[in-house]
Structure formats: C-alpha cells, structure tokens
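> Need the 3D shape of this:
(2 chains)
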Amino acid sequence: MVQLTRKAEFSASHFYWVDSWSPEENQRVFGKCANRNGHGHNYTLEVTVQGKVDPVTGFVVDLKQLKDILEKEVVGVYDHRHLNHEVPEFRTMQPTSENIAIAVWRRLEGKIPGADLVKVRVYEMEDLYADYMGEA
Amino acid sequence: MKAYLGRRYRFSASHRLHVDGFSDERNREVFGKCNNPFGHGHNYWLEVVLSGTVDPTTGMLCNLVEIDEFAHQRLIAKFDHQNLNTLPEFDALVPSTENLAIVIWEILKGFTAAKVEKIRIEETPNNSFEYSGE
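Alright, predicted model coming up:
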C-alpha cells in the first residue's frame, strides 16, 4: 500500500454565527470571525488516498482523474464563493476548518476509483490546519 | 466527529549544545559547531496538534483563542528571544531540540481544553522533531 497526497487551492469567504445566540455571545465565542460581512482566506486542501500500486502503470491512482474529482466535487463548489451563503452544507454547520475537512471528506468518500480516502487536511492559513480521517 | 487541529507558532532563541562532564575535545566531537562557545540561534516553528470532537454548534474542536493564549503566555513568552541554556529547565539538560520538545510537551500538559496529540518543532527548514509523550 502506498499513500498519495494531492493538493488543491481555493479562495472563499466565511463567518461564524449561531442564530440562537445573542450578538454578544457570538462575539464572545467567535471574536472577529463573527463579523457577518464575512472575511476570506486562501485555503489549501491536501487529500491523502491509499491503495496498491498498479504493477503496469505504477500508479496508486490516476493523478489527472484525482485532480478532476477534486475540481468537480470541491474546488468548483467552494472557490470564490461565500461558504455560509453559497455552499449547502454550511447552512447547517459552521464553516470552520474542522467542518470544512469533514465536508470535503463527505464529498470525496467513495468517489476515488481504486483508492481509499485516508485524510483530508484543510489549511486556512499556513499556521492553521484541520485534519479529518473519517473517525466518528 | 473526531478531528485534528494543527496550529503553528514562531519563536527565536539561541542555544549551545554542551555537556559539562565531557572534555572540550569530546564536546567538539559530539556536538560539532553546535558546541561553539557563545551559542547560536534559530527561528523555531512549533506545531501543536490537538484532537477532539467537533462541537455541533460552534463547529470547533477547541476555541483557537484558548490554545493561542496558552501558547503565547506559557510557551512563546518563555522561549522567544531567550538563550535556552539560561532557562531553569536546561540547568542539567542539553537544550537540543529533542529535549526542547519534551520540555514543551510537559508544559502543554497544563492545557485542558483539548487533547494534545503531538508536537513538532522545526529548528531549521531541514530539521524537525516530533514528540507525543512516548
């Protein structure tokens, strides 16, 4: 088994807000992230898959195919969008890095031919990332 | 849903790798240029990896403010722009980055808002050390 990691980038805006909380409570918990006008990041996504190396092609997975899947399932949906307003899964969950990692996992699980998803890492900034590995 | 969160912090410090019980020749042989008498410095990157269940309301496994405050008050304020050899933790311990990782791990035991899974310290872009309490 060999693991392979592919990166992709997208730029998006978001804010954190819980409707059932008062503005003061939102401000206390989320700080500047509670500004409802939103703010943006350049996100880097790292998707790690695992599989057997094909003895003929030498591939774990066809990289072009993996790139196309990331583009179709994630980048095309998230890039240059406001996550709260324009991406359906974030109508019901906060678009934190943790939840973006979980959402990307759900978007990709079972869609990569011949390889298993091992890890989704979402960098919000170079000094902050979240990992999700499919654990309950 | 269990997720992991990695946060990186920067600090700059100096150190000298030296064992008092070794001869000058032995220190030179073991530590090379890291034994130069006046020490030398690095820009360190500390990466703290936390784990926990993502809160269904906030979407967070740990509020970043909590780990940032802990890291800045208990770690960065202690190590940044210091000579590591002068700190009490390194009175009898060589301030190698392996030992620095263990010292930082011990301090992070005081952080209770999420489980600390692992720390990683980059001494230079080519050298990094990981410790997870083993």
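
> Up against chain B, what does chain A have?
Residues of chain A lying near chain B by C-beta under 8 Å from any C-beta of the partner chain: A:16, A:18, A:29-31, A:93-99, A:101-102, A:126-133, A:135-136. Where C-beta positions appear, they are placed from N, C-alpha and C, glycine not excepted.

> What subset of these is buried?
Neighbour-count burial (16 or more other C-beta atoms under 10 Å in any protein chain shown) is assigned, among the residues of chain A next to chain B, to A:16, A:29-30, A:93-99, A:101-102, A:128-132.

> which ones among the residues you listed are found in helices?
Among those, the ones falling in helices (DSSP state H) are A:29-30, A:97-99, A:101-102.

> Please see if the helix or strand harbouring B:Ala3 touches chain A.
For B:Ala3, the host element (DSSP states H and E) is strand B:2-15. Yes - Strand B:2-15 comes into contact with chain A (C-beta under 8 Å from any C-beta), by way of B:2-9.

> how about TSV for those, with neighbour count added?
Formatted as TSV, these follow (neighbours: other C-beta atoms under 10 Å in any protein chain shown):
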residue	neighbour count
B:Lys2	17
B:Ala3	27
B:Tyr4	23
B:Leu5	25
B:Gly6	19
B:Arg7	19
B:Arg8	16
B:Tyr9	19
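
> Kindly indicate which of these lies nearest B:Arg74.
Taking C-beta to C-beta as the measure, B:Arg74 lies nearest B:Tyr9 of these, at 11.1 Å.

> can you give me the helices for the chain?
Going with chain A. Going by DSSP H, chain A shows helices at A:23-30, A:63-70, A:76-78, A:83-86, A:97-108.

> actually it's chain B I care about, not the one you picked
Under DSSP H, chain B gives helices at B:24-31, B:64-70, B:77-79, B:97-108.

> Could you pull up phi and psi at the closest residue to chain B within chain A?
Going by C-beta to the nearest C-beta, chain B is nearest to A:Gln94 of chain A, at 2.9 Å. Per-residue torsions, A:Gln94: phi -60, psi 140 (degrees, to the nearest 10).

> any idea of the pLDDT on it?
The model reports A:Gln94 with a pLDDT of 97.

> got it, and B:Asn126?
88.

> So what's the residue count around it?
Using other C-beta atoms under 10 Å in any protein chain shown, the number of residues around B:Asn126 comes to 6.

> B:Met98 and B:Ser128 touch, don't they?
Met isn't right for residue B:98; it's Glu. No - judged on C-beta atoms under 8 Å, B:Glu98 makes no contact with B:Ser128 at a distance of 10.9 Å.

> shared neighbours of the two, which are they?
Overlap of the contact sets of B:Glu98 and B:Ser128 (by C-beta atoms under 8 Å, 6 or more residues apart in numbering or on different chains) is empty.

> Pull the number of nearby residues for B:Trp105.
Counted with other C-beta under 10 Å, B:Trp105 comes out at 16.

> Who does the closest residue to it other than its chain neighbours form a beta bridge with?
Counting by C-beta to C-beta, 6 or more residues apart in numbering or on different chains, the nearest residue to B:Trp105 once its immediate chain neighbours are dropped is B:Tyr131, at 5.2 Å. Beta bridges link B:Tyr131 to B:Ile119 when assigned by DSSP bridges.

> next one: B:Ala13
B:His42, B:Gln82.

> Could you verify my assumption that A:Tyr43 touches A:His14?
No - using C-beta under 8 Å, A:Tyr43 makes no contact with A:His14, being 9.8 Å away.

> For A:Val118, which residues are in contact?
Taking C-beta under 8 Å, 6+ apart, one finds A:3, A:48-50, A:133 in contact with A:Val118.
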